[in-house]
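In: Let's see this in three dimensions:
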Amino acid sequence: MATTALVATASVAAADVTFSGYGRFGVKYSGSVAGKDAVVGAITAAEVTALAALTGSNTSTADASIDATEMAAFTAATVAAQLVYDATLAAGLDPTTAAANLAFAAAAEEAAAAGKAAVAAIASDTLITSRMHLVINASTESDSGVTFGAMVKVQQDDGNTNAFKAARFYAKSGGLELAVGNIYGAIDSTPGLYAGTVGLTGLGFANVVSNFADMSHSSTGAGSAGTKEAAEVIYSMGDYGFHVSTDGTDTEYGASATMSGWTVAVTGSDTDVATNAEWVATVGGKIGGVALGLATGEAVNGNSSSTVSAKFDVAAATSVTVFYNDDEANTVDDKSYGIGFSHGLGGGTSLNGGIVSVNDRTSADFGVKFNF
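Out: The predicted model follows:
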């Protein structure tokens, strides 16, 4: 709904305050995770024998993995082998033995690259989940046709206390918009980034290839507004869009184009943070009655994540969404997948539910969502 401001100065043509948002409640199940020691992938009998000889461990050729202590010795052996090889060459001696050690070092490093970190055990749980999300947007238009405004949110999740979050201030005219404060961020605004989201709550959003490692707008805190240097410029011209954002340290930039019903977008960042998204690319469109999405991205440390998704109607008021994701940043299993549904009840309300397997952990939810 919208209300007209009680006081307006002579320099403005109109002023509006609008309220919008959504509420949801239901149940959410989180599956258990078994604890695991740090291990490496399967190694050959020759590598195990070499490990035993160089480290004095009791590892036998029957073992397919080594524990954390043995892994440390394994790594130390590779460094020692490299030093031996370098010293032998520098002295002009026969490098045969050193070369063998170097070959072992390469094999050890390859085995270590297949490693997985230790994972703590997590018990399963089923709880009530809820959210109230309210958006308040206040804007006014100058005599010259420029709209100035500010937007704040109030969000309460699962019984926590709510409060106003940092505001996003903006000025826009035509297809150009300038904003400061709790900005949206170019990467998080990539068209098609959230394609494949399932369930009532998103169930971990494993479909989002940026892993939220960017300067996205915050509904629960200050977001980039906390830097007091955040700003962004958004420009749209017909089927083309451009977005540049900065928080004073990093800069994100993006472009998108829509052709024959398909949207292609590319966004990137100059960030130096190892786990942050360095670039993201998406493609989305429809074939018949099926909306298809493809998204891929890479972090500064080289970990990549890719998602394919589809959404289609199975009845007049019911749609189904599926996704499959491969994320190298996952600690247990790179592969994640999920399926969800939404059934409209009319009046902006719907039943929503889904089930996913993310990082080898199963979660599910079900409940009602209502927009206002």
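In: contacting residues around Y184?
Out: In this structure, Y184 makes contact with R168, S216, H217, E232, I234, S245, judged by C-beta atoms under 8 Å, 6 or more residues apart in numbering. The way it works is simple: take the backbone N, C-alpha and C, and place the C-beta from them, glycine included.
In: remind me which residues of the stretch 101-250 of the chain are low pLDDT?
Out: Residues of the stretch 101-250 of the chain that meet the criterion pLDDT under 70 lie in 101-120.
In: quick one on the thing from earlier: neighbour count, distance to V322 and secondary structure for the contacts of Y184 - can I get that in a markdown table?
Out: As requested, these are arranged in a markdown table below (neighbours: other C-beta atoms under 10 Å; distance: C-beta to C-beta, whole Å; DSSP: H, G, I helix; E, B strand; the rest coil):
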| residue | neighbour count | distance to V322 | secondary structure |
| --- | --- | --- | --- |
| R168 | 24 | 33 | strand |
| S216 | 22 | 25 | coil |
| H217 | 21 | 27 | coil |
| E232 | 26 | 33 | strand |
| I234 | 21 | 31 | strand |
| S245 | 28 | 31 | strand |
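In: farthest-separated two in those?
Out: Looking at those by C-beta to C-beta, the two members farthest from one another are S216 and I234, with 14.3 Å of separation.
In: ok, the residue most central in space within the chain - contacts?
Out: To find the centre residue of the chain, average its C-alpha atoms and take the closest one (C-alpha atoms, centre = their mean): that gives N211, at 1.6 Å. Listed by C-beta under 8 Å, 6+ apart, the contact set of N211 reads T275, A277, A299, S305, D327, A329.
In: S304: neighbour count?
Out: The number of residues packed near S304 is 15, by other C-beta atoms under 10 Å.
In: what's the distance between it and S210?
Out: Distance from S304 to S210, counting by C-beta to C-beta, to the nearest Å: 12 Å.
In: Now do the shared contacts for the two.
Out: With C-beta under 8 Å, 6+ apart, S304 and S210 have common neighbours G297.
In: Please check the contacts of N211 and keep the buried ones.
Out: Restricting the contacts of N211 to buried positions leaves A277, A299, S305, D327, with burial counted as 16 or more other C-beta atoms under 10 Å.
In: tell me which residues form a beta bridge with the last one?
Out: Under the criterion DSSP bridges, D327 forms beta bridges with S305.
In: Contacts only, for it.
Out: For D327, the contacting residues are A206, V209, N211, N303, S304, S305, S306, D334, S336, taking C-beta under 8 Å, 6+ apart as the criterion.
In: Strands of the stretch 251-372 of the chain, start to end?
Out: With strands called from DSSP state E, counting those that start in this stretch, the stretch 251-372 of the chain shows them at 251-259, 262-269, 277-287, 290-299, 304-315, 318-327, 335-346, 349-358, 361-371.
In: S124: which of the ones you listed is closest?
Out: Put simply, out of those the one that sits nearest S124 is strand 361-371, at 8.7 Å, with distance taken as C-beta to C-beta.
In: who touches the closest one?
Out: 20-33, 122, 129, 199-201, 203-204, 332, 345, 347-356.
In: Just the buried ones among those, please.
Out: For the contacts of strand 361-371, a burial check counting by 16+ other C-beta under 10 Å picks out 21, 23-24, 26, 28-31, 33, 129, 199-201, 203-204, 350-356.
In: If we only consider the contacts of D327, which is nearest to G238?
Out: Distance to G238, by C-beta to C-beta, is smallest for V209 among the contacts of D327, at 27.0 Å.
In: Does A225 belong to a helix, a strand or coil?
Out: Three-state secondary structure (criterion: DSSP: H, G, I helix; E, B strand; the rest coil) places A225 in helix.
In: since we're on it, how many residues are nearby?
Out: Considering only other C-beta under 10 Å, A225 is surrounded by 21 other residues.
In: Look up how far G238 lies from it.
Out: Separation of A225 from G238 (C-beta to C-beta): 31 Å.
In: just the helices in this structure please.
Out: 45-55, 68-90, 96-113 (DSSP state H).
In: and those helices, which one's lowest on average pLDDT?
Out: Per-stretch mean pLDDT for the helices of the chain is lowest at helix 45-55 (a mean of 54).
In: Contacts only, for I187.
Out: The neighbours of I187, taking C-beta under 8 Å, 6+ apart as the test, are L193, S210, D214, M215, S216, E252, G254, T267, G268, S269, A277, V280.
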